[in-house]
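> the sequence and its predicted three-dimensional model are supplied below.
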Amino acid sequence: MKEDTDLREDFPILSQEVHGKPLIYLDNAATTQKPQAVIDRLSNFLSKENANIHRGVHYLSMNATTLYDEARSSVANFINAESDEEIIFVRGATEAINLVARSFCNEKLEPGDEILITEMEHHANIVPWQLVAGENGARVIPAPITDEGEMDLDQFESLLNERTKLVAFVHVSNALGTINPAKKMVDLAHQKGIPVLLDGAQAVAHQKVDVQDLGCDFYVFSSHKIFGPDGVGVLYGRKELLNKMTPYQGGGDMIEIVSFDGTTFRPSPERFEAGTPNISGAIGLKAAIDYVNDIGWETIHEKESLLKDHAHESLEKNPSIKLVGTAENKVPVVSFTIDSAHPHDIATILDTKGIAVRAGHHCTQPLMKRLGLSATTRASLSFYNTIDEINQLTEALKEISALFES
């Protein structure tokens with residue numbers, strides 16, 4: 001297991017100062033920082049290996065094609081997909097959800113049908129379903145959660161019926177940190193023949209994801225949430241479903257034969273990757289996966305569990321702080337409010353101390369309404385954070401609490 005200092009030294013951005021104070025980066029749910037290994041891999045590709053992929057017969061093109069294909073294989077292995085053909089590169093989790101909404105769900109919906117989500121969804125797992133539902137006379141139904149931010153499984157199961165054409169829910173909540181009982185929820189849906197999409201954007205950096213064990217039909221995530229570059233993400237889909245879906249976009253590389261009379265399309269994954277893809281992004285994602293695999297999930301779990309427990313215990317000692325999202329099973333995401341203090345004011349003051357957190361509704365306005373809030377302040381941790389950083393956050397929040405109480 002690497003020591004704290006070894007892990008932090010892998011991330012060059014963490015050595016800088018902000019407002020004359022050492023940077024304490026606690027906004028990892030928004031985006032993770034990038035290790036030197038990923039930065040170097042991107043730099044090397046762009047400076048020495050850059051070329052467009054597929055159909056090129058020169059060395060650089062063939063090599064870039066190999067690297068891109070290796071990136072797809074790396075992702076497949078990382079989430080234990082049955083085949084590389086089940087991995088589609090997209091711009092991010094949001095585009096992946098929109099792709100499924102348009103290419104899988106849209107043509108199946110009829111008036112009166114339902115898409116079941118939950119009250120803790122990110123807007124990216126609400127709005128795409130609302131769009132296709134609205135076009136077809138269908139409805140989006142939110143399954144309730146408890147005040148602690150956990151799924152009410154009895155209510156969830158009761159909402160599954162013959163009108164439910166898809167279930168889509170977040171694997172891990174970005175606003176609360178709740179880890180949903182995904183395997184159980186997938187099984188309940190499948191018992192009634194309902195396909196399931198999992199939004200894994202917040203899960204992949206904190207825990208091993210095995211799509212075959214989960215049993216889900218679709219799984220989505222973004223590279224930038226797991227120490228990789230932005231602008232690239234992943235849609236996993238079961239091959240038998242993908243090859244029946246209509247293309248999401250048209251263009252080069254996703255076709256078999258084009259004529260003025262019509263076009264035939266390639267199978268997955270090429271069917272859904274029209275145009276030049278984010279080649280360097282995919283290669284950077286592979287470097288990030290290699291980095292995570294090198295550290296190992298045991299190390300990540302051990303480190304993050306200590307950080308999460310210490311953060312909760314420390315903040316709970318401040319009577320002015322109310323923790324939001326206290327599920328028993330969660331990742332190190334800590335949302336909170338302070339009496340009489342607006343979350344944006346809290347975050348602004350913390351920034352003057354070099355502490356980066358997030359304030360707002362976290363793209364979960366319906367969740368905030370359910371909890372009777374307009375916004376929270378969120379500290380989201382990663383394995384490269386330290387106990388000392390949490391202590392500095394705690395002390396800063398004591399000062400802020402006293403300021404707003406006076």
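Cool, the structure landed. Numbering: from 1, shown residues only.
> quick check: buried residues in the helix or strand containing residue 302?
Assigning secondary structure by DSSP states H and E places residue 302 in helix 297-316. Across helix 297-316, burial judged by 16 or more other C-beta atoms under 10 Å covers 300, 303, 304, 307, 308, 310, 311, 312, 314, 315. All C-beta spots, glycine's among them, are computed from the backbone N, C-alpha and C.
> give me the pLDDT value at residue 3.
With respect to pLDDT, residue 3 scores 51.
> average pLDDT across the strand or helix carrying residue 197?
Applying DSSP H and E as the criterion places residue 197 in strand 196-199. What strand 196-199 shows for mean pLDDT is 99.
> one more: stretch 222-236?
99.
> what's the answer for stretch 157-174, then?
99.
> okay, now that stretch: how far is its last residue from its first?
Terminal residues of stretch 157-174 lie 23 Å apart, using C-alpha to C-alpha, to the nearest Å.
> now do the contacts for residue 308.
177, 330, 331, 332, 334, 381 (C-beta atoms under 8 Å, 6 or more residues apart in numbering).
> spit out the contact partners of residue 67.
45, 49, 279, 283, 286.
> for those residues, give me JSON lines that also has neighbour count and distance to residue 163.
As requested, these are exported to JSON lines (neighbours: other C-beta atoms under 10 Å; distance: C-beta to C-beta, whole Å):
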{"residue": "45", "neighbour count": "19", "distance to residue 163": "48"}
{"residue": "49", "neighbour count": "16", "distance to residue 163": "51"}
{"residue": "279", "neighbour count": "22", "distance to residue 163": "42"}
{"residue": "283", "neighbour count": "25", "distance to residue 163": "43"}
{"residue": "286", "neighbour count": "23", "distance to residue 163": "41"}
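> widest-spaced pair of those residues?
49 and 286 (13.0 Å; C-beta to C-beta).
> in stretch 62-81, what counts as buried?
63-65, 67-68, 71-72, 74-76, 78-79, 81.
> ok so, going back, who does the next helix or strand after the helix holding residue 302 touch, helix- and strand-wise?
Next helix or strand after helix 297-316 toward the C-terminus (DSSP H and E): strand 321-324. Judged by 3 or more C-beta pairs under 8 Å, 6 or more residues apart in numbering; DSSP states H and E, the packing partners of strand 321-324 are helix 297-316, strand 333-338.
> other residues contacting the shortest one?
Going back to what we said before, that points to strand 333-338. Counting by C-beta under 8 Å, 6+ apart, 29, 172-177, 202, 308, 311-312, 315, 320-325, 343, 346, 362, 373, 376-381, 397, 400-401, 404 sit against strand 333-338.
> now the helices for the chain?
4-9, 36-44, 59-78, 93-100, 127-136, 153-158, 182-190, 211-214, 239-242, 279-295, 297-316, 343-352, 365-370, 387-405 (DSSP state H).
> what angle sits between the last one and helix 343-352?
Meaning helix 387-405. 130 degrees (axes from the mean of the first three to the mean of the last three C-alpha atoms, to 10 degrees).
> on contacts alone, who are the packing partners of helix 387-405?
Using 3+ C-beta pairs under 8 Å, 6+ apart: helix 387-405 touches strand 24-25, helix 297-316, strand 333-338, helix 343-352, strand 355-356.
> list the buried residues of the fourth one.
When burial is assessed from 16+ other C-beta under 10 Å, helix 343-352 yields the following buried residues: 343, 345, 346, 347, 349, 350.
> so what's residue 54 up against?
61, 65, 253.
> which one of these sits closest to residue 354?
Nearest to residue 354 among these, with distances taken as C-beta to C-beta, is residue 65, at 43.8 Å.
> out of the helices of the chain, flag the one nearest residue 86.
helix 239-242 (5.2 Å).
> residues contacting that closest one, please?
82-83, 85-86, 88, 104, 195, 217-218, 267-269, 271-272.
> mind listing what's buried in it?
Buried-residue list, helix 239-242, by 16+ other C-beta under 10 Å: 239, 241, 242.
> distance of residue 111 from residue 165?
Between residue 111 and residue 165 the computed distance is 12 Å (C-beta to C-beta, to the nearest Å).
> tell me, what's touching those two both at once?
residue 138.
> these two - which one has more neighbours?
residue 165 (19 against 8; other C-beta atoms under 10 Å).
> so what's the more buried one closest to, chain neighbours aside?
Nearest in space to residue 165, with sequence neighbours left out and distances taken as C-beta to C-beta, 6 or more residues apart in numbering, is residue 113 at 4.9 Å.
> residue 293 too?
residue 78 (7.6 Å).
> quick one: pLDDT of the one you found?
For residue 78, pLDDT reads 99.
> tell me the contacts of it?
Counting by C-beta under 8 Å, 6+ apart, residue 78 has contacts 209, 289, 293.
> which of the residues you listed has the most neighbours?
residue 289 (22 neighbours).
> against residue 317, how distant is it?
38 Å.
> relative to the whole chain's centre, how far out is stretch 24-39?
14 Å (C-alpha atoms, centre = their mean, to the nearest Å).
> gap between the two ends of it?
By C-alpha to C-alpha, one end of stretch 24-39 lies 20 Å from the other end.
> give me the buried positions along that stretch.
Result for stretch 24-39 [16+ other C-beta under 10 Å]: buried residues 24-29, 32-35, 37-39.
> same deal with stretch 247-256?
247, 248, 253, 254, 255.
> reformat these as TSV; add pLDDT and distance to residue 13.
Shown next, in TSV, are the buried residues of stretch 247-256 (pLDDT from 0 to 100; distance: C-beta to C-beta, whole Å):
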residue	pLDDT	distance to residue 13
247	93	38
248	94	34
253	86	35
254	91	37
255	87	41
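> give me the domain ranges for the chain.
Using automatic domain parsing, the domain ranges for the chain come out as 4-26+296-400, 39-293.
> buried subset of the contacts of strand 333-338, written for PyMOL?
Command for PyMOL, covering only those of these found buried under the criterion 16+ other C-beta under 10 Å:
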select buried, resi 29+172+173+174+175+176+177+202+308+311+312+315+320+321+322+323+324+325+343+346+362+373+376+377+378+379+380+381+397+400+401
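> so for the helix holding residue 302, mean pLDDT?
On average, helix 297-316 scores 97.
> ok, and the closest non-adjacent residue to the spatially most central residue of the chain?
Residue closest to the mean C-alpha point of the chain, counted by C-alpha atoms, centre = their mean, is residue 201 at 1.0 Å. The shortest distance from residue 201 to any non-neighbouring residue, by C-beta to C-beta, 6+ apart, is to residue 93 (4.4 Å).
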